[in-house]
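> Here is the input, now give the coordinates:
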Amino acid sequence: MTDTLEKPQIRPASAPRAGAPAVKPGGLASWLEEARLLAQLAAPLVFTQLGQMAVLTSDVIMLGRVGKTALAAAAVGNAVYYFAWLIGGGPVSAVPPMIAHIIGARPHDKAGVRASVRMGLWAVILLAAPLIGLLKFTGPILSALHQPPEIAASAGQYIGILCFGLPFSLGFQVLRNFAAALGHPRASVWVTVMTVVFNVLAGYALIFGHFGAPRLGLQGCAIASVSALAFSFVAMLVVIRLTADLKVYRIFRRFARPAWAKLREVFVLGLPIGVTMMFEAMLFNCMTLVMGTFGAAPLAAHQIALNVPSVTFMVPLGIAMAATIRVGRAAGAGDEAGVRRAGYTAMALATVFMSLCGVALAVFPNTIARLYFDARAPGAAEVIALAVIYLRVAAAFQVFDALQVVGALSLRGLKDARMPLILAGVSYWLVGAPICVGLGVGLHMQGLGVWIGLAAALAVAAGAMCTRFYYLSRPLPSAPA
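All right, here's what the predicted structure looks like:
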């Protein structure tokens, strides 16, 4: 299923409406229209991604006020949590291209859309228990990976609470993907805004002991995050119920009835997607563990520096998510030219934005680093100085980061999942990881060597993903008469 689409299957184009203005396929007007539609779809997705990132950023800022040990424990604990999230996130990420292909081919197929969403939620339920069980061993896992005992123990307690938010997080992603694929990305915007406010207030109360709440520090942060994730899932259900165009799909109708073909597609398409995401994310997270062996200051600086490009990355990620839907609809409708326009327009928009971000990171690294760490805290000078170095490397890989994610998610819109998995494995683990370890550990460059390796991995991935999309979407020469 995920291998068969070497080229988008072209169906006969429908006849134009009477009186409709002629638009030359591939002409400037069609590219501008694609840019408009892509931006219209991407803007709420970007905002939602930034809102979700704001939850993590607010936690980082508040924990930075608690101390570098709490910040470091959250950093390495989240590395394990994110591994589990990615396992569940693969099947969840299969839902948008599945719906997009259905809508592109059969715009009124409510039963097919409903079955795709239902099986996406089934996948969350099936994966939740084993993933929570895995996360309960975070402390021993980090100890086995030679993390400092104090940090490993604190991280274990933190993730032991946070793990219960995982099914709510994955369930929210299914519901949000459903709304976005049907052209309602704004449905999740207000939910995200309310979730950010909820998390900040709950974290402020439980971390520092305000509003009559106990002062729980790192554990309070975990409790606040779980509560915010549960809130987001329930709120998204309410929004779907109140949105007429989404309510008519009745996604919970006959929820217990299996749709085996759709469930198989969720996993056959979703598992390679999950592994592809895991190759990239786990390189970054494994390098977080490597940074932990250099000491608390490099690890805290790494967490600060990693959070900043993670924030900027939310914009090309939102654009890429829109590209999945636009490419998927064009492929489902058999519009080969539309596939190319959607993918290349997304690449152009993401490149422009990340170029500006790269300039900002290169010019203002010190100012940015000081936003995250109290300059009066013990050891602050060392943490900030290291963060500045890492941020300058991050400035250099901004465009590569944009192109690799847009390329990968454009391929996802074509239901091309296995080859991107191979390309990601080569880029991140046969190129990036050896450079990170060789420079950081072998040549004793420590954090700087690690960050150079990360930049190299993203550069190779960007070239590979974009080349693959070009190969699948290129027009074939006409057969001779």
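> C-alpha only now, for contacts and for neighbours.
OK.
> Can you tell me the closest non-neighbouring residue to the residue most central in space within the chain?
Nearest to the mean C-alpha position of the chain, counting by CA atoms, centre = their mean, stands Leu317 at 6.5 Å. In this structure, Leu317 finds its nearest non-sequential neighbour in Val405, 6.4 Å apart by CA to CA, 6 or more residues apart in numbering.
> Tell me which residues touch the residue nearest to the centre of the chain, please.
Shown in contact with Leu317 (CA atoms under 8 Å, 6 or more residues apart in numbering): Val46, Gln49, Ala402, Val405, Val406.
> Can you tell me the element it falls in?
helix 296-333 (DSSP states H and E).
> after that helix, next one along is what?
Towards the C-terminus, the helix or strand next in line after helix 296-333, according to DSSP H and E, is helix 336-363.
> Following element in sequence after that next one, please.
Once helix 336-363 ends, the next helix or strand along the chain (criterion: DSSP H and E) is helix 365-372.
> Format the contacts of Leu317 as JSON lines; extra columns: neighbour count and distance to Gly112.
Below are these laid out as JSON lines (neighbours: other CA atoms under 10 Å; distance: CA to CA, whole Å):
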{"residue": "Val46", "neighbour count": "24", "distance to Gly112": "27"}
{"residue": "Gln49", "neighbour count": "20", "distance to Gly112": "27"}
{"residue": "Ala402", "neighbour count": "30", "distance to Gly112": "32"}
{"residue": "Val405", "neighbour count": "26", "distance to Gly112": "28"}
{"residue": "Val406", "neighbour count": "33", "distance to Gly112": "27"}
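> ok, so of these, who is nearest Ile251?
The nearest member of the contacts of Leu317 to Ile251, counting by CA to CA, is Gln49 at 23.6 Å.
> What helix or strand is the closest one located in?
Here Gln49 sits within helix 28-66, counting by DSSP H and E.
> Show me what the strand or helix carrying Ala461 is packed against.
Counting by DSSP H and E, the element that carries Ala461 is helix 447-473. Identification of packing neighbours for helix 447-473 by 3 or more CA pairs under 8 Å, 6 or more residues apart in numbering; DSSP states H and E yields helix 260-292, helix 336-363, helix 380-396, helix 398-413, helix 418-425, helix 433-437.
> just the ones you listed: most buried one?
Across the helices and strands packed on helix 447-473, the average number of neighbours (mean count of other CA atoms under 10 Å) peaks for helix 398-413, which reaches a mean of 28.
> Show me what that one is in contact with.
If you take CA under 8 Å, 6+ apart as the criterion, helix 398-413 is touched by 97, 100, 273, 309, 313, 316-317, 319-321, 323-329, 331, 343, 346-347, 350-351, 354-355, 357-358, 417, 420, 458-459, 461-466, 468-469.
> just stretch 298-307 next, same as before
Surrounding stretch 298-307, the residues in contact under the criterion CA under 8 Å, 6+ apart are 57, 60, 68, 71-72, 75, 288, 291-292, 369, 372, 383-384, 386-388, 390-391, 394, 447.
> Secondary structure element holding Val200?
Per DSSP H and E, Val200 falls inside helix 189-208.
> So what's the gap between that helix and the chain middle?
20 Å (CA atoms, centre = their mean, to the nearest Å).
> before we move on, what about stretch 35-42?
19 Å.
> Please apply the same query to stretch 429-437.
With CA atoms, centre = their mean, you get 22 Å for stretch 429-437.
> Just the terminal-to-terminal distance for that stretch.
Taking CA to CA, to the nearest Å as the measure, stretch 429-437 stretches 11 Å from start to finish.
> Quick one: mean pLDDT over stretch 33-51.
Here stretch 33-51 scores 87 as its mean pLDDT.
> An error on my part: the question was meant for stretch 68-81.
81.
> what residues does it touch?
Where contact means CA under 8 Å, 6+ apart, the residues beyond stretch 68-81 that reach it are 60, 63-64, 135, 138, 142, 151-152, 154-156, 158-159, 163, 218, 282, 285-286, 288-289, 292, 296-297, 299-300, 303.
> can you rerun that using 7 Å?
Under the contact criterion CA atoms under 7 Å, 6 or more residues apart in numbering, stretch 68-81 has outside partners 60, 63-64, 135, 138, 151-152, 154-156, 159, 218, 285, 288-289, 296, 299-300, 303.
> In which helix or strand does Ile151 reside?
In this structure, Ile151 is located in helix 149-162 according to DSSP H and E.
> which stretches of the protein have low pLDDT?
Counting by pLDDT under 70, the ranges of the chain that qualify are 1-26, 373-379, 476-481.
> gap between stretch 290-300 and the chain center?
The chain centre lies 25 Å from the centre of stretch 290-300; the measure is CA atoms, centre = their mean.
> Buried residues of it, list them for me.
Within stretch 290-300, the residues that qualify as buried by neighbour count (16 or more other CA atoms under 10 Å) are Val290, Met291, Gly292, Thr293, Ala296, Ala297, Pro298, Leu299, Ala300.
> Can you show me the CA trace of it as PDB?
Output for stretch 290-300, consisting of C-alpha atoms alone and laid out as PDB, is shown next (Å, rounded to 0.1, in the frame of the first residue of the first chain):
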ATOM      1  CA  VAL A 290      25.500  12.400  25.300                       C
ATOM      2  CA  MET A 291      25.400  16.000  26.400                       C
ATOM      3  CA  GLY A 292      24.400  14.800  29.800                       C
ATOM      4  CA  THR A 293      27.700  13.000  30.100                       C
ATOM      5  CA  PHE A 294      29.500  16.400  29.700                       C
ATOM      6  CA  GLY A 295      27.900  17.800  32.900                       C
ATOM      7  CA  ALA A 296      24.800  19.800  34.000                       C
ATOM      8  CA  ALA A 297      25.900  23.100  32.400                       C
ATOM      9  CA  PRO A 298      26.400  21.800  28.800                       C
ATOM     10  CA  LEU A 299      23.100  19.800  29.200                       C
ATOM     11  CA  ALA A 300      21.200  22.900  30.400                       C
END
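> And the helix or strand just after the helix holding Val200, how far out from the chain middle?
Next along the chain after helix 189-208, taking DSSP H and E as the criterion, comes helix 218-242. Between the mean C-alpha location of helix 218-242 and the chain-wide mean there is a distance of 18 Å, by CA atoms, centre = their mean.
> quick check: angle from helix 218-242 to helix 189-208?
Interaxial angle of helix 218-242 relative to helix 189-208 (axes from the mean of the first three to the mean of the last three CA atoms, to 10 degrees): 160 degrees.
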